[in-house]
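K.L.:
here are the coordinates; sequence isn't available:
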């Protein structure tokens, strides 16, 4: 008899014996037998889950070597000194709620040529998560690779204390890194309160010239640059309407000399927008325009990812009454527009000499304030909100005129049928 046949007969006899042994067992004994047979497999996965990440997956792991390293860096310094790689910046022992920080993950024993995807998020002392940037892809010809993730703490939402960074690496596992985040000092809290008050003061000044208006379910802002004496609301004002409004605020350093002069805060705030249109009393609304029209869909997508979705007020002054200088002197908040209009503690207090001097200085010394850099010029003032709400959607527009003409050109069903019969008769056989 061949060897294969003999083995088959032996296996059949063993199987018959096992079945005869298994069949008469009670359900309890069968369960116990299965539990004993599966226990080695369960123990294997238990030990695997208890092991540290990376020790069971990464190849080329030398005994005693560290497979990865996680540490913090100052995110602002990384941004300002881009010639230095993030991993080469000074390591921080802890972070602070008052300043952006970055998490650097360095790998030393990756598989050369293999692609890895790295994702990182952090969790504050109260369990509130901050999601990191888009996943980082690593593929190196050597065994080393680096991933960097910047984070900006929200002083109002996040709690100081013990934070945890969780780094997930595709096909490998999760790294957990614990670090400490300090809260705000008394001086920092005072500075933050001043900065927030400065923004509120500038918002009041901005709202002196611009009024909010809903348009096609969007939040827009409207200002007037001219007014006529007429009872017809739709022919009274020349208007400008903007959408996609945002602002940049910058706090400036207060020198010892400034403090001796009673100044405790200095800063600038500039507003920008992405869309605009104008209203002429004689012709109605012009069409909406892009401030900076994207060249293609990739350009538009990049603007969204980089946060440049609104017109940058630092790049150019887009409209009057949108750039402000602010200072706090002897406890009084003073806001000045680039055109020279001045507000003290929220109330407008113009100084004719200061306004004229500011206008002259803009013409001579500051190209960024030149009228040629603006989408429109002229002295602005706030129109009535009820008028703006009415004219924003009901005022004459090119789009509305085209729709009206289309309706007039379209024939009635009866006319269509009549004209159809005439036309059919005139078609040659």
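P.N.:
Ah, there it is. It should be emphasised that the depicted structure is a prediction, and the values quoted were computed from it without experimental measurement.
K.L.:
What's the end-to-end length of stretch 246-264?
P.N.:
26 Å (C-alpha to C-alpha, to the nearest Å).
K.L.:
Pull out the buried positions in that stretch.
P.N.:
Residues of stretch 246-264 classed as buried: 246, 247, 251, 254, 258, 263 (neighbour count, 16 or more other C-beta atoms under 10 Å). Where C-beta positions appear, they are placed from N, C-alpha and C, glycine not excepted.
K.L.:
Report the beta-bridge partner residues of residue 241.
P.N.:
On the basis of DSSP bridges, residue 241 is bridged to residue 222, residue 277.
K.L.:
Report the contact partners of it.
P.N.:
213, 215, 220, 221, 222, 276, 277, 278, 279, 392 (C-beta atoms under 8 Å, 6 or more residues apart in numbering).
K.L.:
Looking at the buried residues of stretch 246-264, which is nearest residue 271?
P.N.:
Nearest to residue 271 among the buried residues of stretch 246-264: residue 247, at 4.6 Å, using C-beta to C-beta.
K.L.:
The closest one: which element?
P.N.:
strand 246-252 (DSSP states H and E).
K.L.:
Measure how far the helix or strand following that strand is from the centre of its chain, please.
P.N.:
Once strand 246-252 ends, the next helix or strand along the chain (criterion: DSSP H and E) is helix 256-260. Taking C-alpha atoms, centre = their mean, to the nearest Å, one finds helix 256-260 lying 37 Å from the centre of the chain it belongs to.
K.L.:
so where do the strands sit in the stretch 101-250 of the chain?
P.N.:
Assignment of strands within the stretch 101-250 of the chain using DSSP state E, counting those that start in this stretch yields the ranges 101-107, 116-123, 129-131, 136-138, 145-151, 161-169, 173-182, 211-215, 218-227, 237-243, 246-252.
K.L.:
wait, which of those strands is closest to residue 328?
P.N.:
strand 246-252 (11.1 Å).
K.L.:
what about that closest one, average pLDDT?
P.N.:
Over the span of strand 246-252, the pLDDT mean works out to 85.
K.L.:
pretty sure residue 341 contacts residue 349?
P.N.:
No - contact criterion C-beta atoms under 8 Å: residue 341 and residue 349 do not qualify, at 9.3 Å.
K.L.:
contact partners of stretch 204-221?
P.N.:
By C-beta under 8 Å, 6+ apart, stretch 204-221 touches 222-223, 241-243, 245, 271, 273, 320-322, 324, 335, 337, 341, 343, 346, 348, 380-385, 388-389, 392-393.
K.L.:
what comes up buried for that stretch?
P.N.:
Buried residues in stretch 204-221 (16+ other C-beta under 10 Å): 204, 205, 206, 208, 209, 210, 211, 213, 215, 220, 221.
K.L.:
Same check on stretch 81-97?
P.N.:
So, applying 16+ other C-beta under 10 Å, buried residues of stretch 81-97: 86, 87, 89, 92, 95, 96, 97.
K.L.:
which one of those sits closest to residue 23?
P.N.:
residue 87 (65.3 Å).
K.L.:
sec struct for the closest one, please.
P.N.:
helix (DSSP: H, G, I helix; E, B strand; the rest coil).
K.L.:
quick one: it and residue 144 touch, right?
P.N.:
No - if you go by C-beta under 8 Å, residue 87 and residue 144 don't touch, sitting 10.0 Å apart.
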